[in-house]
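Chemist: Sequence plus the predicted model coming up.
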Amino acid sequence: MVPKGWTPSQIGDVAKFSSGGTPSKQNADYWGGTEPWISGKDLKTHYLETSIDALTEAGFQAAKKAPKGATLVLVRGMTLLKDFPVGYATREVAFNQDVKALVPAKNVDGLFLSFLLVAEKHKILQLVSTAGHGTGRLDTHSLQEYPVNIPPLPEQKKIAQILSTWDKAIATTEQLLANSQQQKKALMQQLLTGKKRLGMPDNSYDFKKTRYGIIPKDWEYPAIKDVCTQVTEKNTESADYPVLSCSKYDGFVDSLKYFKKKVYSDDTSGYRLIHRGCFGFPSNHIEEGSIGLQNLYDTGIVSPIYVIFRAKPKKVENTYLYAVLKTDHYRQIFGAATNASVDRRGSLRWKEFSLIHVPLPPLEEQQRIAVVLSTADQEISALQQKLEALKQEKKALMQQLLTGKRRVKVDDKEVA
């Protein structure tokens with residue numbers, strides 16, 4: 001049903017389609033500048049003003065360009081098999097042959113059109129066919145004939161203004177999240193190496209050299225086997241414990257909830273038990289940083305390929321050790337140990353893993369470090385939740401505004 005005052009139309013009637021191209025790669029004077037040349041990989045962001053590959057002024061003048069206010073969409077490429085990227089040109093941009101520019105008609109607001117295409121992307125994806133070499137292809141005529149309902153121009157502009165305000169809130173929150181993550185990373189670099197110590201003035205303690213790097217003299221540098229013990233319990237009774245997986249960034253996750261489908265065996269009798277407070281990693285993926293601290297359930301189970309271990313509580317604060325093992329430095333150590341392992345499957349077993357050394361402050365200092373890092377994690381988690389809520393609220397708002405189910409006020413008058 002068409003909302004009152006809206007006009008049923010097709011995309012080809014409300015925008016002129018323009019094809020892009022690639023300036024000569026043989027002409028060095030064309031490349032390496034600052035002028036945006038948009039390709040599919042630049043359409044990961046909605047607002048287009050910069051690009052990964054950029055042109056010089058000469059290259060920009062020689063290129064095919066789209067004006068400010070145009071909508072750019074991908075019509076060829078692997079990405080089309082799973083997504084329909086849409087971007088809005090906030091300035092004049094050049095673009096390549098895998099992209100089409102939709103230049104809006106005079107009675108169409110370009111930003112509104114870009115939001116409308118984003119809202120319709122899942123339906124438009126059904127028009128994508130598979131071209132040579134398994135790439136996706138979106139036929140121009142099919143896209144031009146795609147039906148849309150267009151409100152009057154003032155209402156278009158108001159809808160676009162509202163949605164762009166949400167985008168600004170999302171962008172602000174994304175920047176705050178990135179800043180918090182970077183601050184935590186810098187804090188970890190300081191605290192986990194002893195370059196900064198809580199409650200101790202700088203230059204008030206001496207350092208010693210280890211394979212990990214420089215650490216305070218009063219810190220220990222034990223092998224993992226000296227402060228942790230392996231756990232090898234199996235789910236021999238096939239108890240109905242939740243099956244867990246370990247991800248690179250999130251640590252342990254509930255497999256069913258995370259993958260939204262069953263990716264494990266029906267027979268879990270050979271799976272390993274992992275109790276709360278235990279560490280674990282898949283022996284064939286630890287070099288990617290996939291190591292976790294299990295704090296989801298009192299008891300879970302993991303695939304037989306996992307190595308499970310428990311830290312000695314009188315020597316180790318779990319949160320501190322987990323932070324150390326999740327650093328990029330230790331991911332590199334795990335990779336080197338895996339490459340040196342005699343296991344032909346490229347796995348890192350407990351025997352080799354347990355020989356790796358870790359920097360270990362006194363237990364009380366570990367606990368203080370853990371509190372600081374936990375506080376940083378809470379701030380990051382709160383921002384992640386806020387960001388997800390903003391994205392979901394914007395998605396719901398788009399569904400309401402771009403279909404006319406919810407109308408907006410234009411010139412202080414409610415559109416009915």
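Modeler: Happy to help now that I have it.
Chemist: after the top strand by length along the chain, next one along is what?
Modeler: Assignment by DSSP state E gives strand 31-38 as the longest strand of the chain. Helices and strands here follow DSSP states H and E; after strand 31-38, the next one along the chain is strand 47-48.
Chemist: Show the average pLDDT along that next one.
Modeler: Per-residue pLDDT values across strand 47-48 average out to 97.
Chemist: so how far is that strand off the chain centroid?
Modeler: Distance, stretch centre to chain centre, for strand 47-48: 19 Å (CA atoms, centre = their mean, to the nearest Å).
Chemist: pLDDT weak spots in the stretch 251-400 of the chain?
Modeler: Within the stretch 251-400 of the chain, the stretches with pLDDT under 70 are 263, 341-346.
Chemist: Mind doing that once more with 90?
Modeler: Applying pLDDT under 90 to the stretch 251-400 of the chain picks out residues 255-270, 284-290, 335-347.
Chemist: Would you map the helices across it?
Modeler: Using DSSP state H, counting those that start in this stretch, the helices of the stretch 251-400 of the chain run over residues 255-259, 318-325, 328-340, 350-353, 363-401.
Chemist: Do you know the pLDDT at the residue most central in space within the chain?
Modeler: The centroid of the chain falls nearest to Tyr249 when counting by CA atoms, centre = their mean (9.8 Å). According to the prediction, Tyr249 has pLDDT 83.
Chemist: could you list every residue that touches it?
Modeler: Gly289 (CB atoms under 8 Å, 6 or more residues apart in numbering). (Glycine included, C-beta is placed from N, CA and C.)
Chemist: OK, contacts around Lys394?
Modeler: If a contact means CB under 8 Å, 6+ apart, then Lys394 has 163, 166-167, 170 as its contacts.
Chemist: give me that answer again for 7 Å
Modeler: 163, 166, 170 (CB atoms under 7 Å, 6 or more residues apart in numbering).
Chemist: ok, now Asp226?
Modeler: No contacts exist for Asp226 under CB under 7 Å, 6+ apart.
Chemist: Please apply the same query to Arg310.
Modeler: Counting by CB under 7 Å, 6+ apart, the residues that Arg310 touches are 228-229, 231, 277-278.
Chemist: do Val302 as well
Modeler: With CB under 7 Å, 6+ apart, Val302 has these contacts: 244, 271-272, 274, 280.
Chemist: is it fair to say the residue nearest to the centre of the chain lies in a helix?
Modeler: No: counting by DSSP: H, G, I helix; E, B strand; the rest coil, Tyr249 is not part of a helix but coil.
Chemist: give me phi/psi at it?
Modeler: phi -100, psi -30 (degrees, to the nearest 10).
Chemist: And the pLDDT for Pro201?
Modeler: 90.
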